[in-house]
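Asks: curious how this folds, go ahead:
(one chain, ligands or ions: 2)
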Amino acid sequence: TRSTRPQRLLGAVQKSATRGDPCSVVNAIDQFCRHTEWAMNVGDEKGCILDSVVSEVNPATVLELGTYCGYSTVRIARLLPPHAKLITLEFNPDFAAIARQVIAWAGMEEKVHLVEGASGEWIPKIKEQFGVKALDLVFLDHWKDQYLPDTKLIEECGLLRKGSVLLADNVIFPGAPQYLEYVRSSQQYESQYFKSHLEYTKVEDGLEKSVFLG
Ligand SMILES: O=c1[nH]cnc2c(O)c(F)c(-c3ccc(F)cc3)cc12
Ligand SMILES: [Mg+2]
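Replies: Ligands and ions are numbered 1, 2, ... in the order given. Predicted coordinates for the structure are as follows:
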C-alpha cells in the first residue's frame, strides 16, 4: 500500500541526513519539502525567526504543541543547552511514530520528551509528570482553534512566569484570529508580529511572539 507523507519525509532524512547531526536533518527536510513534496513544517524562513527567539530566550524548559514529524522539535532542541528540556505534544500517533525516528536520527532524544495525546489533557499534567515549575518558551503549532483554549489552560495551570514567551505559528495562514485578538489586547502580554511566508511558498504567514508580563 502507498506510503504516507510523513513516511516519505522520514525516508528523505534517512537517505540524505547524517545521524547525530541535527542541522543535516533540518536541511534534508527543507530540501525534500521545497523540491519534492510540501509538508507542514515551520520551514526554513519562519525557522530562522524561531531560531532567533529560542536563542534570545535561552530556555531551560520548552513546550511545543504539535510535533508533526519533529522538524521544529529538532530545530529547537539543537539550540538548547545540555540539560534543557523540550516537551512536545502530538495528538496523531502516526505523526508521533515518525517524529520519534526523526528526533532519534538527529541525536536529540536526551533533550526531548515526546508525549502522544491531546494538549488539553496533558497540559494540566506537565508540572507533576516532568517536575516543571514554569515554561520559559511555548511554541504553538498544532491546531489553530486550540491556540486560545490551550493558552488559557497554560495560564490557569500556573505554567507561565514573568518573561515566559509564547511563539505561535500560522497566525495569518491558516490563521488564528481569536488567539491574535486575545494576546494583542490582553494587558498580560506584550505581543509582536514577525511577518514571513507560509513554509516553502510565497503566501504570507507569520509568527506572533507574546511575552507574559505576569
Ligand atoms: O494544521 C497545521 N498545524 C500546524 N502547522 C500548520 C502549518 O504550518 C500549515 F502550513 C498548515 C497548512 C495546511 C494546508 C494548507 F493548505 C496550508 C497550511 C497546517 C498546519
Ligand atoms: Mg505550522
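
Asks: give me the nearest residue to the closest residue to ligand 2 within the chain, chain neighbours excluded.
Replies: Across the chain, no residue is closer to ligand 2 than Asp169, which sits at 3.7 Å (C-beta to the ion). No exception for glycine: its C-beta is placed from N, CA and C like everyone else's. In this structure, Asp169 finds its nearest non-sequential neighbour in Asp141, 4.2 Å apart by C-beta to C-beta, 6 or more residues apart in numbering.

Asks: now do the contacts for the residue of the chain found nearest ligand 1.
Replies: When scored by C-beta to the nearest ligand atom, the chain has Met40 as its residue closest to ligand 1, at 3.9 Å. In this structure, Met40 makes contact with Tyr68, Glu199, judged by C-beta atoms under 8 Å, 6 or more residues apart in numbering.

Asks: from what I see, the residue of the chain closest to ligand 2 and Leu140 are in contact.
Replies: Yes - with contact defined as C-beta atoms under 8 Å, Asp169 counts as touching Leu140 (6.7 Å).

Asks: can you pull the residues that touch both of those two?
Replies: Common contacts of Asp169 and Leu140 (C-beta under 8 Å, 6+ apart): none found.

Asks: so how far is stretch 173-186 from its chain's centroid?
Replies: The chain centre lies 17 Å from the centre of stretch 173-186; the measure is C-alpha atoms, centre = their mean, to the nearest Å.

Asks: do it and ligand 1 meet at all?
Replies: Yes - applying C-beta under 6 Å from any ligand atom, one finds that stretch 173-186 is in contact with ligand 1 at Pro174.

Asks: and stretch 136-156, what's buried?
Replies: 136-142, 144, 146-148, 150-151, 153-154 (16 or more other C-beta atoms under 10 Å).

Asks: which residues in this protein form strands?
Replies: Shown for the chain, the strands assigned by DSSP state E span residues 61-65, 85-90, 112-116, 135-140, 160-168, 189-197, 204-212.

Asks: distance to ligand 1 for those - can I get that in a markdown table?
Replies: Shown next, in a markdown table, are the strands of the chain (distance: least, C-beta to the nearest ligand atom, whole Å):
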| stretch | distance to ligand 1 |
| --- | --- |
| strand 61-65 | 9 |
| strand 85-90 | 11 |
| strand 112-116 | 16 |
| strand 135-140 | 9 |
| strand 160-168 | 10 |
| strand 189-197 | 10 |
| strand 204-212 | 7 |
